[in-house]
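Enquirer: Here is the input, now give the coordinates:
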Amino acid sequence: MTGKTYSTEEMLARLIAFDTTSRDGNIPLIEFVEDYLDGWGVPHLRVDYEVGKKTNLFATIGPNIAGGIVLSGHTDVVPVDGQPWTSNPFELTERGDRLFGRGTCDMKGFIAVCLAEVPNFIRAKLKSPIHLALSCDEEVGCKGVRPLVAHMRDHLPKPRAVIVGEPTSMQVVNAHKSAVTFSTEVIGHEAHSSLTHHGVNSIMVAGELLSEINRIRTDLIAAGDPTQRFTPPYSTVHVGVIEGGTAKNIIPRRCAFQWETRLLPTADPGMVPLRIETFAKTLEPAMKAVAPGTGITTETVNRVPGLAPEQDSPAEHLALHLANANSTHAVSYCTEAGLFQQIGIPAVICGPGSIEQAHKPDEYIDISELRKCEAFMGKLVKQLI
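Expert: This next block holds a predicted model:
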């Protein structure tokens, strides 16, 4: 069976034309990919995240057996709202040796290479399969891929390695930090601002908690990164959103803030939330002495596991060979790789483009990066025939 062929640039232009901003979904793009794969007789399946709006696609080229290689990429992109683009973000624009458009480097460039190579994968008559895993909602906490990961664990032949094509300038990354998001709510007690002894000021209590978070931040910096592989070379904690209060003359009843940790793969994931919980308990007695209904709660909103290095794993060994590299790297941003690692599939990150261009106006990828990725795929095929 012979389907339609695309160069990498042609495929990338098609992918960029789909506005797959996370909030809006990715179904039209997935339908295009399905039609393309159907033309080549490639079997595929969907695993939905939000039915009718957001889905994951898993396809297999070659025999449906264990031991294959998964090429994984997310189809969603971050918003362009308020960004000063100088060209249409959803139309691939070539200027010099660069291709501009939302998602060019993060990470439709990688997906475009994988899809454009499908005819070559088929003609090679692979003895071990290449799987394509296209996911959704990565940009909002690696949420969308989780049903697909569970489906792979429970229903599909186990691959021997996953290569996540996030932009690494085609360097092999075998470690990244985790990202855990928390929401803390302080419930105080309203009163007139002239009668502070009758109220519990939730904003001021939240300020105490924020001071403790800042002390934790200082301690994390002091602990540092024993491996010296990460930038910055320590675990981090950060407060991103805060809200509270009604008027300047009302003691505020409620204050809430959202915060996150990005911990080294070797760090104790329970240390920071336990420390906040312990500190909160020291504040609550004084609050409840004024009003029993007051209190502090912290919930875990989302958890993205880190990627721990697995030296000489099948994924690392293969990727280093394909990339003509002799060393691995670590990054501070997080990816879906840790989720694959959690179900026992070795994973690394290696893809075209630079993370420095991601999420910015006039996002671009160097054409030379696409050529490197094509060469990477060509060597992959030779390993599987």
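
Enquirer: Looks like Lys125 contacts Leu384 (just checking).
Expert: No. With contact defined as C-beta atoms under 8 Å, Lys125 does not reach Leu384; the gap is 9.7 Å. No exception for glycine: its C-beta is placed from N, CA and C like everyone else's.

Enquirer: hey, what's in contact with both of those two?
Expert: Common contacts of Lys125 and Leu384 (C-beta atoms under 8 Å, 6 or more residues apart in numbering): Gly62.

Enquirer: These two - which one has more neighbours?
Expert: Neighbour totals were compared for Lys125 and Leu384, and Leu384 leads with 18 against 11 (other C-beta atoms under 10 Å).

Enquirer: Report the contact partners of the more buried one.
Expert: Gly62, Ile69, Ala124, Leu126, Lys127, Ser128, Pro129, Ile130.

Enquirer: Can you list which of those residues are found in strands?
Expert: Among those, the ones falling in strands (DSSP state E) are Ile69, Ile130.

Enquirer: could the contacts of Leu384 go into JSON lines alongside pLDDT and distance to Leu15?
Expert: Output for the contacts of Leu384, formatted as JSON lines (pLDDT from 0 to 100; distance: C-beta to C-beta, whole Å):
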{"residue": "Gly62", "pLDDT": "97", "distance to Leu15": "23"}
{"residue": "Ile69", "pLDDT": "98", "distance to Leu15": "21"}
{"residue": "Ala124", "pLDDT": "96", "distance to Leu15": "23"}
{"residue": "Leu126", "pLDDT": "97", "distance to Leu15": "24"}
{"residue": "Lys127", "pLDDT": "97", "distance to Leu15": "29"}
{"residue": "Ser128", "pLDDT": "97", "distance to Leu15": "27"}
{"residue": "Pro129", "pLDDT": "98", "distance to Leu15": "23"}
{"residue": "Ile130", "pLDDT": "98", "distance to Leu15": "19"}
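
Enquirer: Sort out which of the contacts of Leu384 are buried, if you could.
Expert: Buried members of the contacts of Leu384, counted by 16 or more other C-beta atoms under 10 Å: Gly62, Ile69, Ala124, Leu126, Ser128, Pro129, Ile130.

Enquirer: Need the pLDDT of the residue nearest the centre of the chain.
Expert: What sits nearest the mean C-alpha location of the chain, by C-alpha atoms, centre = their mean, is Thr335, with 3.6 Å. With respect to pLDDT, Thr335 has a value of 97.

Enquirer: Would you confirm that it belongs to a strand?
Expert: No. Counting by DSSP: H, G, I helix; E, B strand; the rest coil, Thr335 falls outside a strand, being coil.

Enquirer: ok, it touching Gly165?
Expert: No. Using C-beta under 8 Å, Thr335 is not in contact with Gly165, being 9.6 Å away.

Enquirer: Would you mind grabbing the residues shared as contacts by these two?
Expert: Ile349.

Enquirer: list the buried ones in stretch 153-166?
Expert: Leu156, Pro159, Arg160, Ala161, Val162, Ile163, Val164, Gly165, Glu166.

Enquirer: That stretch spans what distance, first to last residue?
Expert: Stretch 153-166 stretches 22 Å from its first residue to its last (C-alpha to C-alpha, to the nearest Å).

Enquirer: May I see the buried residues of stretch 153-166 arranged in CSV, with distance to Val272, pLDDT and secondary structure as well?
Expert: CSV is the format used below for these (distance: C-beta to C-beta, whole Å; pLDDT from 0 to 100; DSSP: H, G, I helix; E, B strand; the rest coil):
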residue, distance to Val272, pLDDT, secondary structure
Leu156, 35, 96, coil
Pro159, 33, 98, coil
Arg160, 35, 97, coil
Ala161, 32, 98, strand
Val162, 28, 98, strand
Ile163, 31, 98, strand
Val164, 26, 98, strand
Gly165, 31, 98, coil
Glu166, 25, 98, coil
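
Enquirer: So which of those is the closest to His198?
Expert: Taking C-beta to C-beta as the measure, His198 lies nearest Glu166 of those, at 53.7 Å.

Enquirer: Give me the contact list for the longest helix seen in the chain.
Expert: Ranked by number of residues, the top helix in the chain under DSSP state H is helix 202-223. If you take C-beta under 8 Å, 6+ apart as the criterion, helix 202-223 is touched by 184, 186-188, 232, 234-237, 239, 242, 244-245, 252-257, 259, 272, 275-276, 279-280, 283, 287, 296.

Enquirer: hang on, the earlier thing: now, among the contacts of Leu384, which is nearest to Glu9?
Expert: Using C-beta to C-beta, the contacts of Leu384 come closest to Glu9 at Ile130, 21.4 Å.

Enquirer: related to what we said a few turns ago, can you name the element that comes right after the longest helix of the chain?
Expert: Once the chain leaves helix 202-223, the next helix or strand it forms, by DSSP states H and E, is strand 236-244.

Enquirer: and Glu185, bridged to which residues?
Expert: Ala256, Thr297 (DSSP bridges).

Enquirer: just checking, Thr5 touches Glu117?
Expert: No. Contact between Thr5 and Glu117 fails when scored by C-beta under 8 Å: they sit 10.5 Å apart.

Enquirer: neighbour count winner among those two?
Expert: Glu117 (24 against 14).

Enquirer: Quick one: residues contacting the more buried one.
Expert: Glu374, Met377, Val381 are the contacts of Glu117 under C-beta under 8 Å, 6+ apart.

Enquirer: which one of those sits closest to Ile111?
Expert: Closest to Ile111, out of all of these and judged by C-beta to C-beta, is Met377, at 12.0 Å.

Enquirer: pretty sure that closest one is in a helix, no?
Expert: Yes. Counting by three-state DSSP, Met377 is found in a helix.
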